[in-house]
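Just to be clear, the model below is a prediction. Sequence and coordinates:
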Amino acid sequence: MTLSIWNDIDRQYRKVAKERAKKNTGKEPLVNASNVQFFRDVTGLEPTDYQQRFLTDENQFVVARWARQTGKSLTLSVLCLHTALSGPERAIAILAPSLRQGRMLIRRIAGFLPKLPRSWIDGRVLKTRLSFVNGSSIEAFPNSPETVRGLTLGLLIVDEANYIEDDKALYDAVVYALATTNGRFIATSTPGTRDSLFYEMCTNDEEYGDFSRHHVSFHDALEPKGPLKKTTVDRLKQQTREDPSRWDREMLAEFSSDEEAWLSYRLIDSCVDETLEYVPDLDKPAKEVKQE
Ligand SMILES: Nc1ncnc2c1ncn2[C@@H]1O[C@H](COP(=O)(O)OP(=O)(O)OP(=O)(O)O)[C@@H](O)[C@H]1O
Ligand SMILES: [Mg+2]
């Protein structure tokens, strides 16, 4: 009989202690490590020099113009998760040219979760939203000014920023979300057109001189310095022989010169109809092709 009372008290005490621990996570950082160390912990990789420079940059506004496959999305994923776990009540929004791309970033972040205690996650892991017990959250939003207007954010992340349609309208709608929290704006992209806000952020000192800027060409990311393999780069060089401006954009991370082009890249891009399908064989009548 006495033993059972003590067991009850023990059980009750454990319950109270658990509740208290849960409440405390609202105040204490769940992660104390630096974001560079956290990168190592969750990816099992060594961050490159340029990734370390980017991660340790504490400027409020940061733009990173990096070559293809140099680790932009991976670095953003780590930065998002570290920001969410190293302080309470941090609302983080992800924007990308499409919601599908935003979701891919969420999936990448969710891929790190098995390395962390399950109790840190609040509720279910959703395709567009991750919530944590400290009140922080990471959410991917559709690329439209209406959906992001009125948010309050601690961090706004934009992946492939130079490929966002009407990026100026989106930025105008969302930048006030950072005003009351002193929140951060971080955009990464492979360069595209000069007819864009991303280009202005990277180059216009008068209006965006307070932005911290990072530029990484393939030279900085070749093995062993970074993840790019020389054989892949050689193959890409061969493939872009006919279109040197593509090489400049994707591998040197330099903006293509729209001034010299008859039509801007933005205009050409906006004329592409993604609903059209290729005809598999032009020599065969459409009906015949369909029956196959
Ligand atoms: N520090 C690193 N060490 C080893 N591999 C890395 C490192 N950083 C990134 N990678 C790897 O490089 C590849 C490209 O990464 P990621 O997709 O993040 O690049 P990206 O710049 O976003 O590419 P894209 O231009 O296609 O969007 C991935 O396989 C990733 O795991
Ligand atoms: Mg990417």
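Noted; the coordinates are in hand. Ligands and ions are numbered 1, 2, ... in the order given.

what's the spacing between the residue lying closest to residue 248 once chain neighbours are set aside and residue 209?
If the residues on either side of it in the chain are set aside, residue 248 comes closest to residue 254, at 4.6 Å by CB to CB, 6 or more residues apart in numbering. (Glycine included, C-beta is placed from N, CA and C.) From residue 254 across to residue 209, the span is 20 Å (CB to CB, to the nearest Å).

what do you get for residue 88?
33 Å.

Residue 89 too?
Distance, residue 89 to residue 209, using CB to CB: 31 Å.

Looking at those two, which is more packed in?
residue 89 (13 against 8; other CB atoms under 10 Å).

what does stretch 161-174 contact?
63, 93, 95-97, 143-146, 148-149, 151, 153, 156, 158, 187-193, 196-199, 270 (CB atoms under 8 Å, 6 or more residues apart in numbering).

just checking, which of these belong to strands?
Per DSSP state E, strands hold the following members of those: 63, 93, 95, 156, 158, 187-189.

List just the nearest of those residues to residue 106.
Nearest to residue 106 among these is residue 93, at 11.2 Å by CB to CB.

my read: the closest one touches residue 151, true?
Yes: between residue 93 and residue 151 there is a contact under CB atoms under 8 Å: 6.2 Å.

does residue 102 really touch residue 140, like I thought?
Yes: counting by CB under 8 Å, residue 102 touches residue 140, with 3.1 Å between them.

Give me the distance between whichever residue of the chain sits closest to ligand 2 and residue 47.
Residue nearest to ligand 2 within the chain: residue 73 (3.3 Å; CB to the ion). According to CB to CB, residue 73 and residue 47 sit 14 Å apart.

Those two - which one has more neighbours?
A direct count of neighbours by other CB under 10 Å for residue 73 and residue 47 places residue 47 higher, at 23 against 17.

Got the phi and psi for that one?
Residue 47 adopts backbone torsions of phi -60, psi 140, taken as degrees, to the nearest 10.

Spit out the contact partners of it.
36, 39-40, 55, 75.

From those, which land in helices?
Among the contacts of residue 47, the members found in helices (DSSP state H) are 36, 39-40, 55, 75.

Please enumerate the helices of the chain.
Here the chain has its helices, by DSSP H, at 2-24, 35-43, 49-55, 72-85, 99-110, 145-148, 167-174, 197-203, 205-208, 218-221, 230-239, 244-250, 265-270, 286-291.

In the stretch 151-292 of the chain, what residue comes closest to ligand 1?
residue 227 (3.6 Å; CB to the nearest ligand atom).

so what's that residue up against?
Contacts of residue 227 by CB under 8 Å, 6+ apart are 48, 69-71, 221.

Residue 201 - how many residues pack around it?
Counted by other CB under 10 Å, the residues lying close to residue 201 total 23.

need the contact list for it.
Contacts of residue 201 (CB under 8 Å, 6+ apart): 61, 63, 187, 208, 211, 213.

neighbours around residue 251, how many?
With other CB under 10 Å as criterion, residue 251 counts 22.
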